[in-house]
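Chemist: Sharing a sequence plus its predicted fold:
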Amino acid sequence: MLYFVCIRAPQVREVRLKIPIQVHWELPIGVKKDRHRDWYVSWCPVLDIYSQGETRERALENIIEATQLFLMSCFERGTLATVLKRQGFKQATLGAGRRRRTPNLPKQVKMLKVPVPFLVEKRPEDLCPA
């Protein structure tokens, strides 16, 4: 007597892990009060982005949001590298133990961290097991 056994292969489904990461750009951000109005003007000189707000804090919030949206938009369109190069950005190498120099900035400009959220999608087997 012969028996035939039929074994079905399990359905293979690609699983991707979604890993949220946040990149912080440390950029010079300036805020000053407009002489003609009671509003504050904020700007990011290296990216040529401007915003405003009724208070100093609101102007800072608005410029950070505008910078985030600008960077995310450039990334989504695939133009981030081109835009940064046109704005004068260059790749910098920092060796171990080497400290960054704090740039000499005007009084109303401070270096602020601008968080930009990303979502990395990876297959589990692409992750380093170390």
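Modeler: Structure received.
Chemist: so who does residue 54 touch?
Modeler: 38, 39, 40 (Cβ atoms under 8 Å, 6 or more residues apart in numbering). No exception for glycine: its C-beta is placed from N, CA and C like everyone else's.
Chemist: Apply the buried test to these and list what passes.
Modeler: residue 40 (16 or more other Cβ atoms under 10 Å).
Chemist: Which member of the contacts of residue 54 is positioned nearest residue 18?
Modeler: Among the contacts of residue 54, residue 40 lies closest to residue 18 (Cβ to Cβ), at 37.7 Å.
Chemist: separation between that closest one and residue 31?
Modeler: In this view, residue 40 and residue 31 are 6 Å apart by Cβ to Cβ, to the nearest Å.
Chemist: same question, residue 64
Modeler: Remark: distance between residue 64 and residue 31 (Cβ to Cβ) = 11 Å.
Chemist: Check residue 112 too.
Modeler: For residue 112, the distance to residue 31 - Cβ to Cβ - is 10 Å.
Chemist: Name the residue in those two with the higher neighbour count.
Modeler: Using other Cβ atoms under 10 Å, the more surrounded residue of residue 112 and residue 31 is residue 31, with 23 against 18.
Chemist: Test my guess that that one contacts residue 45.
Modeler: No - the criterion here is Cβ atoms under 8 Å, and residue 31 misses it with residue 45 at 11.9 Å.
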